[in-house]
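J.: Sequence first, then the predicted structure, then my questions.
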Amino acid sequence: MPGTAEEFTAHRPRMFGLAYRLLGSAEEAEDAVQDAYLRWSGADRTAIEHPGAWLARVVTNLCLNRLASARVRREQYPGPWLPEPVLTQDGSLGPLESAEQRDAVSTALLVLLERLTPPERAVYVLREAFDYRHRDIAGVLDLSEANCRQLYHRAAQRVTAPETRFTAAAEQQRELVESFVAAARQGDLAGLERLLAEDVIWWSDGGGKVSAARRPLLGREKVMRFLVGSAQRFGAGWELAIAEVNGAPALVVHTTGRLVAVAGFHLRDGVASQVHVVLNPDKLAFAGRQFTASAAGA
């Protein structure tokens, strides 16, 4: 029989993926998983028939407690709030082989999940991302099956409208990001403009820590003016690259070896209709450690 730590480690990636989808924060997800380990190590394991289900229940309820305080903090957040980016090429959030699996961790969907109440979010994530039956979700949340169905129905209405499905074909997504990087490197403003929808929305999350647009920028003209100004002020020394972030190709920016920005693109009709840019250094810390670990293992 595996030891306490070894058995928990086998379930850890799935538990981290669950916590991240519920919280939108990799740092907070790690904290929730660590708290779950403390409960696991102190539990009577002979009474735990299904460790995976037991841990999912513990992690979900730990996250529900965190979501209540997180909502207050996010309402007071300076500027747009975006989820922390996570590199997913290494399987950090579990298998992302299908469009549905990639959609479940997309930045755009995680932003929409902020509209939900904590119970709605828990039901939606367990059902959509982990394929739980309503009966099983009821057991996790200590709710009736009928109540879980109602919560799921309300949540699904808010996040499954046609315009809220986010994943384009992987090849199309990568082509757009590659074109964006090439145009940015060459200073090709006309090329950048062609990649943006006329009604594009540009979200920047600086968290009050770095310079960023405090409101979403609406429209191609405003976004282009912002890009030109940003390049003039901060562009020197930028190193642009592409990495898989939250299940899709994204633009990542380093300067002097430090991760300073991650930009995710939502496509519509082959051009970017939404761009989500995380600049807050606190939110880039987890992805920065992933880059460091990847470089060390190369």
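T.: Everything's here; your move. Numbers count the residues shown, from 1 in each chain.
J.: In this structure His266 contacts Gln274, no?
T.: Yes: contact criterion CB atoms under 8 Å: His266 and Gln274 qualify, at 3.9 Å. In short, each C-beta sits where N, CA and C put it, glycine included.
J.: Find me the pLDDT at the nearest residue to Val245 once chain neighbours are set aside, would you?
T.: Closest residue to Val245 apart from its sequence neighbours, by CB to CB, 6 or more residues apart in numbering: Pro85 at 4.8 Å. We have a pLDDT of 97 for Pro85.
J.: do the same with Glu97
T.: Glu97 is given a pLDDT of 76.
J.: Just give me the neighbour total for Leu82.
T.: A count of nearby residues for Leu82, using other CB atoms under 10 Å, gives 26.
J.: How about the contacts made by it?
T.: Contact analysis of Leu82 by CB atoms under 8 Å, 6 or more residues apart in numbering lists Thr107, Val111, Trp203, Asp205, His276, Val277, Val278, Lys283.
J.: now swap in Thr60 and tell me
T.: Taking CB under 8 Å, 6+ apart as the test, what Thr60 contacts is Leu18, Leu22, Ala122, Leu126, Val140, Leu141.
J.: cool, Glu198 as well?
T.: Counted by CB under 8 Å, 6+ apart, Glu198 has contacts Gly219, Arg220.
J.: Can you name the next helix or strand after the worst-scoring helix or strand of the chain on mean pLDDT?
T.: Taking mean pLDDT, DSSP states H and E as the measure, the helix or strand of the chain with the lowest value is helix 99-103, at a mean of 81. Counting by DSSP states H and E, the next helix or strand C-terminal to helix 99-103 is helix 107-113.
J.: continuing past that following helix, what's the next helix or strand?
T.: Next element after helix 107-113 (DSSP H and E): helix 118-128.
J.: Show me what that next one is packed against.
T.: Packing partners of helix 118-128 (3 or more CB pairs under 8 Å, 6 or more residues apart in numbering; DSSP states H and E): helix 4-23, helix 51-75, helix 107-113, helix 134-141, helix 145-159.
J.: Now tell me what touches that helix from outside.
T.: 18, 21-22, 56, 60, 63-64, 67-68, 71, 100, 104, 113, 116, 132, 134, 136-137, 140-141, 143, 148, 151-152, 154-156, 159.
J.: Those, buried ones only, as a ChimeraX selection?
T.: Only the buried entries of the contacts of helix 118-128 go into this ChimeraX selection, using 16 or more other CB atoms under 10 Å:
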select :18,21,22,56,60,63,64,67,104,113,116,132,134,136,137,140,141,143,148,151,152,155,159
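J.: Could I get the contacting residues of Ala263?
T.: When contacts are counted by CB under 8 Å, 6+ apart, Ala263 touches Ala250, Leu251, Val252, Val253, Val275, His276, Val277, Val278.
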